[in-house]
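Peer 1: Sequence first, predicted coordinates after that:
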Amino acid sequence: MAEMRYAGRSASPGFAAGRIVPLAAATARRLASGDPETEAASLRTAMAAAANELAALAASAAADAADILAFQLALLDDDALSEPAFAAIARNVPADEAFRTTLDAEISGYLSAEDEHFRARAADLRDLRDRVLAHLTGAGAALDIAPGSIVAASDLPPSRFLAIDWRQGGAILLSEGSGTSHVAMLARSRGIPMIVGLQVDPALLAGDGLVDATSGAVVIDPSPAAWRAFEERRRREAAESEAAEVHLDRPARTADGVAVAVHLNIAEPGELAKLSPTLCDGIGLVRTEFLFHGGVLPGEEAQLAIYRHIAEWAEGRPVTIRTLDAGGDKPIAGVTIDGESTRSSASAASASRSCAARSSASSCARSRAPRSTAMSGSCCRW
């Protein structure tokens, strides 16, 4: 075949070469029962099965991925999201048609938002829609992707990304997608090259390919000259990255000499294990939701030890600890209010209620911290 070139936008920088595997959406026909009660029961069963899958995936996922899956679980548990589907079923609309129409309307609303971050959440709704519909229609599980593959798709849902083994490398090529999507965040945190906005049928990307996700370029069936140019660019980027490492421990400044403070955002203490505090000016946010991932909140002394470890790692640099981000799209069993709407701005209020109602570890830490602290909103600054 003749060499083909496509250009998109970089969502996660890096290079990859290998076989490109286009993903096709699983489809299956479903014969409706004709009985509204039976159809409603089928939808409830499919939603419960989808929730169980997401919960199992979240239980074994890293903190950042678990938070994303918790968002989907909260959506699935929100009666306001599914009410239009059940209302349509009561009018004798088949369950799969009712649920698809309802979710498509929600997705359209997200896509019409002015804020790009909000538009990017449409991918989570698509993921949720397709997972429930797969249980309704019996479409079956998606095909396994070999480790190290370059995956091409219109868009890639977070749960599909997490089901792929990326330990041997690979890359992601999306004809649509967004650099602010949850999948893009996951790809960047794991060093997986990713290009979005290629505006091409993923099936046309099949074949051997070269991915330069730093510039957003893809070459299909590359010529020897394209291979040489690719290897040269990869070597040049590697050399530039190595040369840039000498600046890691130096203060960040703009070209005209203005100092810029660099603060880390961590989801769990383990992320600090391989990092030196000299790389930053402090920790701008410690997400405390990791405390709940085991299903049981650690005791006061255990929490204090965790926070003390983080503060000691910082070696006197400021650390901001979010006391609790819960409720809305981040429900916590036994802590937040059941059924709290995901569409309200409930997270801060729920966190404040929870923290005020408890002798929380964060308030204990304030009184016993190795440095003085100050509270601002739902954050504790060490």
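Peer 2: Structure's in. What do you need? What you see is a predicted model; the values in this text were computed from it and never measured.
Peer 1: Tell me which stretches of the stretch 201-350 of the chain form helices.
Peer 2: 224-244, 300-313, 347-357 (DSSP state H, counting those that start in this stretch).
Peer 1: average pLDDT for the second one?
Peer 2: I take that to be helix 300-313. Averaged across helix 300-313, the pLDDT comes to 89.
Peer 1: in that helix, what's buried?
Peer 2: Within helix 300-313, the residues scored as buried using 16 or more other Cβ atoms under 10 Å are Gln303, Leu304, Ile306, Tyr307, Ile310, Ala311, Trp313. C-betas here are computed from N, CA, C, even on glycine.
Peer 1: residues in contact with the last one?
Peer 2: Think Trp313. Leu272, Pro277 (Cβ atoms under 8 Å, 6 or more residues apart in numbering).
Peer 1: And it, how far from Glu289?
Peer 2: Separation of Trp313 from Glu289 (Cβ to Cβ, to the nearest Å) stands at 19 Å.
Peer 1: next one: the fourth one
Peer 2: When Cβ to Cβ is the yardstick, Tyr307 and Glu289 sit 14 Å from each other.
Peer 1: for Asp208, same thing?
Peer 2: Distance from Asp208 to Glu289, by Cβ to Cβ: 42 Å.
Peer 1: more crowded one of the two?
Peer 2: Glu289 (18 against 15; other Cβ atoms under 10 Å).
Peer 1: my guess is the more buried one contacts Phe71, does it?
Peer 2: No. Contact status for Glu289 versus Phe71: not in contact, 11.6 Å apart, counting by Cβ atoms under 8 Å.
Peer 1: how distant is stretch 254-267 from the center of its chain?
Peer 2: Remark: stretch 254-267 is offset 24 Å from the chain centroid, using Cα atoms, centre = their mean, to the nearest Å.
Peer 1: Now do the same for that stretch: mean pLDDT, whole number.
Peer 2: Mean predicted confidence for stretch 254-267 is 90.
Peer 1: And the contacts of that stretch?
Peer 2: With Cβ under 8 Å, 6+ apart as the test, stretch 254-267 has contacts from 62-64, 67, 251-253, 272, 275, 279-287, 289-290, 310, 318, 320.
Peer 1: And stretch 178-192, by the same measure?
Peer 2: 9-12, 14, 64-65, 68, 71, 116-117, 119-121, 123-124, 155-158, 161-162, 166, 169-172, 177, 193-194, 196.
Peer 1: What about these, which are in helices?
Peer 2: With DSSP state H as the criterion, helices contain 64-65, 68, 71, 116-117, 119-120, 123-124, 158, 161-162 from among the contacts of stretch 178-192.
Peer 1: Closest to Ile89 out of the residues you listed?
Peer 2: Asp124 (23.5 Å; Cβ to Cβ).
Peer 1: tally of neighbours for the nearest residue to that closest one once chain neighbours are set aside?
Peer 2: Leaving out its chain neighbours, the residue that sits closest to Asp124 by Cβ to Cβ, 6 or more residues apart in numbering is Gln72, at 5.6 Å. Residues contacting Gln72 under the criterion other Cβ under 10 Å number 24.
Peer 1: Return the residues in contact with Gln72.
Peer 2: Taking Cβ under 8 Å, 6+ apart, we find Gln72 in contact with Leu54, Asp124, Asp127, Leu128, Pro158, Ser159.
Peer 1: the strands in the stretch 101-250 of the chain, which residues?
Peer 2: 150-153, 171-174, 194-196, 207-212, 217-220 (DSSP state E, counting those that start in this stretch).
Peer 1: same question, the stretch 251-382 of the chain
Peer 2: 263-266, 282-286, 319-322, 374-376, 379-381.
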